[in-house]
Structure formats: structure tokens, C-alpha cells
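[1] make a model of this:
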Amino acid sequence: MQGPDRPIPTRVEMLTPKGVDRRYAERQVRYFTKKRARMDDPDFRIGTLEQGNPDQKRRDKLRNFYAALQRELLHHENWDGTPRT
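    Numbers count the residues shown, from 1 in each chain. As a prediction, the model looks like this:
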């Protein structure tokens, strides 16, 4: 299994949203992927996501960034963290 602090390889350079710690985001993506949570699922929640929340747009961007990182991670590794061959 890959270490939780190992960077997620990407096929193209991905810009990190403003105010987001990339290393923490990658650890979160690895954690949720190991738990087999699909981050592109509309029911996936980060914190308290209530409609009408003034911070909703930023959280939606964060969820989309997490989903993109998970797509890249699953392109290079299996759900359990073993490298694809």
C-alpha cells in the first residue's frame, strides 16, 4: 500500500484552489478512497453543506477538486492503494 503522505501523480498539472493545503487534500483523498467513498457522488459531503450557505460555492469547488484528485489517484492506483500494473 502507498503511504498516505505520498503525492498523488497527475496526468496534467492541477491548480490547487485558493486557501487549500494540497498535502492535506491529498491525504483526505487517500483516506476517503481507502474507505471506498466516491467523491464525485452528489451525496458526498465535506463538513456541513447546507443549501444557501454563503460558503457553499467554495465548498463545491473543494469537492470538485477532491473528486478530480480521486480520479487521478484511481488512474494510477487501485482502491486499496496498490499500484496498477
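[2] which residues sit in contact with the most centrally placed residue in the chain?
    Nearest residue to the geometric centre of the chain (C-alpha atoms, centre = their mean): Y66, 2.5 Å. Residues near Y66 by C-beta atoms under 8 Å, 6 or more residues apart in numbering: A25, Q28, V29, F32, M39, I46. Yep, even glycine has a C-beta here, placed from its N, CA and C like the rest.
[3] buried only: go through those residues for me.
    By neighbour count, with 16 or more other C-beta atoms under 10 Å, the contacts of Y66 hold A25, Q28, V29, F32, M39 as buried.
[4] as TSV, those with distance to G81 and secondary structure would be great.
    As requested, those are exported to TSV (distance: C-beta to C-beta, whole Å; DSSP: H, G, I helix; E, B strand; the rest coil):
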residue	distance to G81	secondary structure
A25	17	helix
Q28	14	helix
V29	11	helix
F32	12	helix
M39	16	coil
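[5] nearest residue to L73 other than its sequence neighbours?
    By the measure of C-beta to C-beta, 6 or more residues apart in numbering, the closest residue to L73 outside its immediate chain neighbours is I8, 5.0 Å from it.
[6] so how far is T85 from the residue nearest to the centre of the chain?
    Taking C-beta to C-beta, to the nearest Å as the measure, Y66 falls 26 Å from T85.
[7] same thing with I8?
    Separation of I8 from T85 (C-beta to C-beta): 18 Å.
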